[in-house]
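*Asks:* Pasting the sequence and the predicted coordinates here, then a few questions.
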Amino acid sequence: MPSFSRENPEHKPKKLKTPNQPPALKPWESRPWPTKGTPSQMDLHTAVGIAVDRWERLDGSFGTLFALTTSPRQIWSMEASYVYSAIRTFEGRLALVRASGEGYFATHPTATFQDTFRKVCGEALNFAGRRNEIAHSVVEFFRPVDWFENPSEINIYPLTFSIWPSNSSGDKRPYKARPSYTYTSVEIDYFSDQFHLLFVKLLDLIMSVDRHNASLYDRGERQVGP
């Protein structure tokens, strides 16, 4: 008779295999196709407006960060503001901020917020794609994901709404095929809240930079700019 002692490796309990789970979405990744649309076009337009407004506040605050890292002796730099706003795309403006930050940390080695700076810039770059999707979309009748395979068999009534890529979006809206994304007010509100949370992180970073600059340069020396 075989031994059932703990020492017998043949009788150790086997680990149960867990089914493969889909990887969790990162906060900035596109959301899954919704199961239902937004009943009101007005609610959808309102959600888009709030999201775009929150992103613009975030974008403008990166201009403040750029000014503080390029002109640490000044509370505000008009020259830095003009340079920042002259760059056409957010990705280009953010690259400018990142380069300015690297120069700032090279000449201010006592600064303790370098990791936060890089993290905030990295998150902003990741969320920029979602902002572009929201800002450059159009309102359409919502279609369940199965509709694109069997449009004659899927009931879309009562009509609801979501945003789709516009016709100028190229491969994001292929002809007679499912677009690369669609968002209802639920998904838009989610990203809108993420934009706001990132804005709060950015404000904390801006205050850290300003306090550090104030500790190095006498307030009398720090000019408000021409």
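*Replies:* Great, that's in hand. This is a predicted model, so every value here is computed, not measured. Numbering: from 1, shown residues only.
*Asks:* hey, let's count contacts and neighbours off CA atoms from now on
*Replies:* OK.
*Asks:* Poorly predicted segments of the protein, please.
*Replies:* 1-22, 218-226 (pLDDT under 70).
*Asks:* in what helix or strand does the spatially most central residue of it lie?
*Replies:* In the chain, the centroid-proximal residue (C-alpha atoms, centre = their mean) is F127; its distance is 1.9 Å. Per DSSP states H and E: F127 is located in helix 114-135.
*Asks:* Likewise for F191?
*Replies:* Using DSSP H and E, F191 sits in helix 185-216.
*Asks:* How about V138?
*Replies:* For V138, the host element (DSSP H and E) is strand 137-141.
*Asks:* ok, and the closest non-adjacent residue to the residue nearest to the centre of the chain?
*Replies:* Of all residues not flanking F127 in the chain, W28 sits nearest, at 5.1 Å (C-alpha to C-alpha, 6 or more residues apart in numbering).
*Asks:* I'd say that neighbour and L125 touch.
*Replies:* No: using C-alpha atoms under 8 Å, W28 makes no contact with L125, being 9.5 Å away.
*Asks:* which of those two has more neighbours?
*Replies:* Between W28 and L125, W28 has the larger neighbour count (other C-alpha atoms under 10 Å), namely 19 against 16.
*Asks:* which residues sit in contact with that one?
*Replies:* Listed by C-alpha atoms under 8 Å, 6 or more residues apart in numbering, the contact set of W28 reads 123, 126-127, 130, 191.
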